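K.L.:
compute the structure for the input listed below.
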Amino acid sequence: MKRETLFNDVQEQFHATPEYLWSNFPRYAVFRHHESAKWFGIVMDIPGEKIGLKTNEKVDVLDVKVKPEHVEALRKQDGIFSAYHMNKKHWVSILLSGPLPIKTIQELLAESYKLTS
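P.N.:
Numbers count the residues shown, from 1 in each chain. Model (predicted):
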């Protein structure tokens, strides 16, 4: 899934637009609830080695919140990793250029939206 496709999906489904909060990380984009301003997702471009890949090239990841009892099983799937820069008991990182189907990414994002409501 491309970053732009994800942004369009989030706009359409959740009426949220990416917010760029850090000038020193201009490609980090946060998705928030309108009512509470809680985050339900963050897209970052990070060196692949930060999530266990064998490359230092930057990759796009999406961090989403999941039920703690699902974290371990999710991390066993190709393309899902321990959360980068978020609580690893409640969040996972999804490699956007990875093998996960778009539908699975959309479902995980929807779950994150519900869990952070």
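K.L.:
so what's residue 95 up against?
P.N.:
Applying Cβ atoms under 8 Å, 6 or more residues apart in numbering, we find residue 95 in contact with 51, 53, 59-61, 79-81. No exception for glycine: its C-beta is placed from N, CA and C like everyone else's.
K.L.:
among those, which pair sits farthest apart?
P.N.:
60 and 80 (14.0 Å; Cβ to Cβ).
K.L.:
of the two, who's got more company?
P.N.:
residue 80 (25 against 19; other Cβ atoms under 10 Å).
K.L.:
that one bridge partners, please.
P.N.:
Residue 80 forms beta bridges with residue 94, as assigned by DSSP bridges.
K.L.:
spit out the contact partners of it.
P.N.:
74, 92-95, 98, 100.
K.L.:
could you redo the last one with a cut-off of 10 Å?
P.N.:
The neighbours of residue 80, taking Cβ atoms under 10 Å, 6 or more residues apart in numbering as the test, are 51, 61, 64, 66, 71, 73-74, 92-95, 98-100, 104-105, 108.
K.L.:
please apply the same query to residue 8.
P.N.:
Per Cβ under 10 Å, 6+ apart, neighbours of residue 8: residue 2.
K.L.:
so it belongs to a strand, correct?
P.N.:
No: assessed with DSSP: H, G, I helix; E, B strand; the rest coil, residue 8 is helix; it does not lie in a strand.
K.L.:
so it versus residue 19, what's the distance?
P.N.:
16 Å (Cβ to Cβ, to the nearest Å).
K.L.:
residue 56 now?
P.N.:
The value you get for residue 56 to residue 19, if Cβ to Cβ is used, is 27 Å.
K.L.:
and the pLDDT for the residue positioned nearest the centre of the chain?
P.N.:
In the chain, the centroid-proximal residue (Cα atoms, centre = their mean) is residue 62; its distance is 2.0 Å. Note on residue 62: pLDDT of 98.
K.L.:
can you classify it as helix, strand or coil?
P.N.:
strand.
K.L.:
before we move on, back to that, okay, residue 56 and residue 19: which has more neighbours?
P.N.:
residue 19 (13 against 9).
K.L.:
any chance of the backbone angles for the nearest residue to the more buried one once chain neighbours are set aside?
P.N.:
Nearest residue to residue 19 in three dimensions, chain neighbours excluded: residue 30, at 4.8 Å (Cβ to Cβ, 6 or more residues apart in numbering). Backbone torsions of residue 30, given as degrees, to the nearest 10, read phi -110, psi 140.
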